[in-house]
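[1] Here is a sequence with its predicted model. Questions after.
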Amino acid sequence: MSRYFVRTPRVFQKVFNKVTWRIEHSKAVYLTFDDGPNPAVTIPLLELLKKHNARATFFLLGNNAQKYPELVKRILEGNHSVGFHCNEHTNSRKLKLVELLKNFKLPNSIPSTLLYRPPYGKLRVWQYNYLKNKFPLIGWTIMPGDFDSKKTFEAQLNNLKLAKCGDIVVLHELPQTIALLEAYFEQSSAISFEKL
């Protein structure tokens, strides 16, 4: 397990200033979900969001979107937005330009979108410089660690509760995320949740 920041340090936000890390002056929290669609998770996740009148943004893997185009359609019909998370979940820092462009080619199953989040949130400086003027790059301010098996449920929930208005929260399409989000919604009734 690699180390990660629960709250993205401001220095990263200043250095990579073409990345949207948060939505200033907003009265909402922005939930985002990476790595889908996945029928076992996407469907109950959409039902949970609907139950709590929450909107979110799904950063989809192209290969998964091609397998499950009906889920992409269902996400959009639920008044959520989609972004692109590459075709395969490969660390972009390890890719040369030709490989990056191949992994970045938007499949037909994903509607034309301008939002992009690299897998692991990682780019080399030349990749950042190449992409920053082509697409809005989306980062996050809060990473609760829903993917981290070494973190207890309570620790993940406490990290999620750090989200303030304007923050972008990165979660993943994993079965455990549904229970985490349900517990969060129960304790966050005064907060509104919007899509990017």
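    Arrived safely, thanks for sending. Numbers count the residues shown, from 1 in each chain.
[2] Show the pLDDT at Asn103.
    What the model reports as pLDDT for Asn103 is 69.
[3] contact partners of the helix or strand of the chain with the lowest mean pLDDT?
    When each helix and strand of the chain is scored by mean pLDDT, DSSP states H and E, helix 97-104 comes last, with a mean of 72. For helix 97-104, contacts defined as CB atoms under 8 Å, 6 or more residues apart in numbering pick out 84, 86-88, 90, 92, 95, 116, 127, 130. In short, each C-beta sits where N, CA and C put it, glycine included.
[4] I'd like the next helix or strand past that helix.
    Per DSSP states H and E, the first helix or strand lying C-terminal to helix 97-104 is helix 125-131.
[5] Return the set of buried residues in that next one.
    Residues of helix 125-131 classed as buried: 127-128, 131 (neighbour count, 16 or more other CB atoms under 10 Å).
[6] Show the subsequent helix or strand relative to that helix.
    Remark: after helix 125-131, the chain's next helix or strand is strand 137-138, criterion DSSP H and E.
[7] Quick check: what element follows that following strand along the chain?
    Next helix or strand after strand 137-138 toward the C-terminus (DSSP H and E): helix 153-160.
[8] Residues touching that next one, excluding its own?
    In contact with helix 153-160 (CB under 8 Å, 6+ apart) are residues 6, 142-146, 148, 151, 169, 176, 179-181, 183-184.
[9] Stretch 40-55 too?
    Residues outside stretch 40-55 that contact it (CB under 8 Å, 6+ apart) are 31, 33, 36, 56, 58, 68, 71, 74-75, 78-81, 173-175, 177-178, 181-182, 185, 192-195.
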